[in-house]
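Novice: Structure for the following, please:
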Amino acid sequence: MPRVGLAGLGVMGWWIAANLRKAGHLVAVYNRTREKAERFSKEYGVEVAPSPKELADKADIIITMLSDSDAVSSFVGSVMDYLKGKTLVDMSTIHPSVSVKLAQEVSRRGGKMYDAPVIGTSVFAQQAKLTVLLGGPKEGKEAVEDVLKTTAQTVIYVGPNGGGLYAKLVNNLMVGVYVAALAEALEFGLKAGLDPNVITEVLSKYTSANPTTAGLKLPKMLNGEYSVQFATKHMRKDLEIIQDEAKGLKSPTLLSSLALQLYRISENMGYGELDYSAVKEVISGKRR
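Specialist: Numbering: from 1, shown residues only. Just a heads-up that it's a prediction; the model follows:
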């Protein structure tokens with residue numbers, strides 16, 4: 001059984017690490033804020049690595065779940081000389097172009113790197129029901145898939161490095177636009193005097209809606225309760241990545257660019273750390 005080390009104990013990383021530990025894979029964790037790593041260690045009985053290098057020393061497979069491209073680049077750069085014969089699996093959502101360059105450098109050092117972003121919120125992470133979109137070399141991917149299946153319901157191999165991230169951005173483009181449209185439709189119905197329960201039923205069951213997303217987000221919007229499943233700041237970041245990558249691809253992003261503006265406004269209104277369904281308050285014009 002491969003030894004796994006995980007870096008990044010945020011909302012998603014915590015539950016991914018917990019599931020890896022329950023499956024017997026996880027041997028060590030690293031977090032920039034050591035206090036959180038100590039708390040995880042106390043709860044799950046794994047070693048805390050004091051540095052990225054020491055995490056790499058203890059593991060055959062190093063998993064990262066970090067905030068952005070800069071954080072991933074910094075981490076990978078700090079362990080680059082210790083990756084020979086090892087596999088790095090980045091589950092963060094970052095720029096595909098950055099990830100591909102990192103993977104090429106890891107390969108030159110004798111290691112392997114996969115991009116493995118996830119579809120699903122912290123609720124899915126806690127229940128080990130995430131979908132992982134895997135990009136990277138075919139040779140050796142089975143060992144990576146076996147580890148990921150302990151924390152995910154589905155692992156989809158997309159293709160070479162960068163493929164997983166592009167697939168994730170395709171998903172988040174749709175979800176970001178959809179939730180913004182959901183908020184606007186809800187506000188329209190409420191202003192028209194419709195019963196909130198009727199609106200919920202119509203939007204959840206009888207339109208071309210995504211019933212899973214509607215079921216998760218409509219109650220939050222109706223109750224004004226935005227405990228985080230996926231933070232507004234992360235949706236804003238992902239839509240910005242989409243805009244950046246689309247320029248190089250010469251692919252139009254008219255709807256997602258409008259949605260991005262709404263999530264930026266939401267963040268500026270004070271909802272950045274809360275669930276991205278708080279975009280409803282932009283539509284309503286309510287500031288925290």
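
Novice: buried set for the lengthiest strand in the chain?
Specialist: Ranked by number of residues, the top strand in the chain under DSSP state E is strand 152-159. Using 16 or more other C-beta atoms under 10 Å as the test for burial, strand 152-159 gives Ala152, Val155, Tyr157, Val158. To be clear about C-beta, it is placed using only N, CA and C from the backbone, and glycine gets the same treatment.

Novice: which residues in the stretch 51-200 of the chain form strands?
Specialist: Per DSSP state E, counting those that start in this stretch, the stretch 51-200 of the chain carries strands over the ranges 61-64, 87-90, 112-115, 118-119, 130-135, 152-159.

Novice: Pull the contacting residues for the closest residue to Gln104 other than its chain neighbours.
Specialist: Spatial nearest neighbour of Gln104, chain neighbours left out: Asn161 (7.7 Å); criterion: C-beta to C-beta, 6 or more residues apart in numbering. Contacts for Asn161 (C-beta atoms under 8 Å, 6 or more residues apart in numbering) come out as Ser99, Val100, Ala103, Gln104, Met113, Tyr114, Asp115, Gly135, Gly136, Pro137.

Novice: Including distance to Met91, could the buried residues of strand 152-159 go into CSV?
Specialist: Listed next are these as CSV, based on distance: C-beta to C-beta, whole Å:
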residue, distance to Met91
Ala152, 10
Val155, 11
Tyr157, 15
Val158, 14
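
Novice: which one among those gets closest to Thr253?
Specialist: Val158 (20.4 Å; C-beta to C-beta).

Novice: Does the closest one touch Ala167 like I think?
Specialist: Yes - with contact defined as C-beta atoms under 8 Å, Val158 and Ala167 form a contacting pair (4.9 Å).

Novice: Pull the number of nearby residues for Leu26.
Specialist: Other residues lying near Leu26 total 27 when counted by other C-beta atoms under 10 Å.

Novice: How many neighbouring residues does the residue lying closest to it once chain neighbours are set aside have?
Specialist: Distances taken as C-beta to C-beta, 6+ apart place Leu20 nearest to Leu26, at 4.0 Å, with adjacent residues excluded. Leu20: 25 surrounding residues under other C-beta under 10 Å.

Novice: low-confidence ranges in this protein?
Specialist: Scanning the chain for pLDDT under 70 picks out 207-209.

Novice: in it, which helix has the most residues?
Specialist: Longest helix in the chain by number of residues (criterion: DSSP state H): helix 163-191.

Novice: could you check the angle strand 130-135 makes with that one?
Specialist: 140 degrees (axes from the mean of the first three to the mean of the last three C-alpha atoms, to 10 degrees).

Novice: Taking strand 152-159 as reference, get the angle to helix 163-191.
Specialist: Counting by the same axes, to 10 degrees, helix 163-191 lies at 120 degrees to strand 152-159.

Novice: Now find how far off-centre helix 163-191 is within its chain.
Specialist: Chain-centre distance of helix 163-191: 15 Å, with C-alpha atoms, centre = their mean, to the nearest Å.

Novice: What of stretch 274-288?
Specialist: Mean-position distance between stretch 274-288 and its chain equals 21 Å (C-alpha atoms, centre = their mean).

Novice: Any buried residues in it, and which?
Specialist: Buried residues in stretch 274-288, counted by 16+ other C-beta under 10 Å: Leu274, Asp275, Tyr276, Ser277, Ala278, Val279, Lys280, Glu281, Val282, Ile283.

Novice: next one: stretch 219-239
Specialist: 220-221, 226, 228-239.

Novice: and if you look at stretch 6-20?
Specialist: Buried residues in stretch 6-20, counted by 16+ other C-beta under 10 Å: 6-20.

Novice: same thing with stretch 114-133?
Specialist: Those would be 114-122, 124-126, 128, 130-133, for stretch 114-133 by 16+ other C-beta under 10 Å.

Novice: quick check: domain ranges of this structure?
Specialist: By the assignment in automatic domain parsing, the chain contains the domains 4-159, 166-284.

Novice: Please identify the deepest-packed of those domains.
Specialist: Per-stretch averages of neighbours, counted by mean count of other C-beta atoms under 10 Å, single out domain 4-159 among the domains of the chain, with a mean of 20.

Novice: Check the separation of the first and last residues in that domain.
Specialist: End-to-end distance for domain 4-159, by C-alpha to C-alpha, to the nearest Å: 23 Å.

Novice: how far out from the middle of the chain is that domain?
Specialist: With C-alpha atoms, centre = their mean, you get 12 Å for domain 4-159.

Novice: Equivalent analysis for stretch 220-236, please.
Specialist: Stretch 220-236 sits 14 Å away from the centroid of its parent chain (C-alpha atoms, centre = their mean).
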